[in-house]
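Enquirer: pasting the structure only:
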């Protein structure tokens, strides 16, 4: 339950960070925008946010402003994964701590891609939400505890 509270707070804080917008889940059939037919490239970074090792991994420089909303002193890239998906298709990424993140492309138009993000571990589902990511933008999911900090999962939708 604490994880969901942290994730909810993290999602709320990030709404003021820039061109990313979280919205309640809406069935794709209610969308009025003309959908793109080409695939969308989804990239997920796995970042360890910690106080024990201050600093910013140089590969995360473009996310520095988003990290400013959190209390940690250090942000270090653990891995980067990428895959292309079409509307209705999913891709699954592995995350430290035996977690999996399934990303499903719900819809896409000229301005944004709507994706469903589901995080789970061996005990079950930890998160299930739908967010809108501005075209070529990034949305940061923050939450699961990892070592002496948390994992942050910046998701980028490129098309």
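Expert: Received it, and whenever you're ready, just let me know what you need. Only a predicted model underlies this, so the values are computations on that prediction, with no experimental measurement involved. Numbering: from 1, shown residues only.

Enquirer: Helix, strand or coil: sort out residue 72 for me.
Expert: The three-state label given to residue 72 by DSSP: H, G, I helix; E, B strand; the rest coil is coil.

Enquirer: State the number of residues packed around the closest residue to it other than its chain neighbours.
Expert: Excluding its sequence neighbours, the residue lying closest to residue 72 (CB to CB, 6 or more residues apart in numbering) is residue 49, at 3.9 Å. Glycine gets a C-beta too; all of them are placed from N, C-alpha and C. When neighbours are defined as other CB atoms under 10 Å, residue 49 has 19 of them.

Enquirer: Could you do residue 88 as well?
Expert: 10.

Enquirer: excluding its backbone neighbours, what's nearest it?
Expert: Per CB to CB, 6+ apart, closest to residue 88 is residue 105, 7.0 Å.

Enquirer: who does the helix or strand where residue 144 lies touch, helix- and strand-wise?
Expert: Residue 144 is part of strand 137-146 when elements are defined by DSSP states H and E. When contacts are defined as 3 or more CB pairs under 8 Å, 6 or more residues apart in numbering; DSSP states H and E, strand 137-146 sits against helix 2-14, strand 20-22, strand 112-121, strand 124-134, strand 149-158.

Enquirer: Buried residues, it. List them.
Expert: Within strand 137-146, the residues scored as buried using 16 or more other CB atoms under 10 Å are 137, 138, 139, 140, 141, 142, 143, 144, 146.

Enquirer: So among those, where is pLDDT lowest?
Expert: For these, the weakest pLDDT value sits at residue 143, with 83.

Enquirer: wait, what's in contact with residue 50?
Expert: The contact partners of residue 50, taken as CB atoms under 8 Å, 6 or more residues apart in numbering, are 72, 73, 74, 75, 76, 147, 148, 149.

Enquirer: which strand residues sit across from it in the sheet?
Expert: When assigned by DSSP bridges, residue 50 has beta-bridge partners residue 74, residue 149.

Enquirer: so how far is residue 71 from it?
Expert: Relative to residue 71, residue 50 is positioned 11 Å away (CB to CB, to the nearest Å).

Enquirer: from what I can see the residue nearest to residue 72 touches residue 148, true?
Expert: No - contact criterion CB atoms under 8 Å: residue 49 and residue 148 do not qualify, at 9.8 Å.
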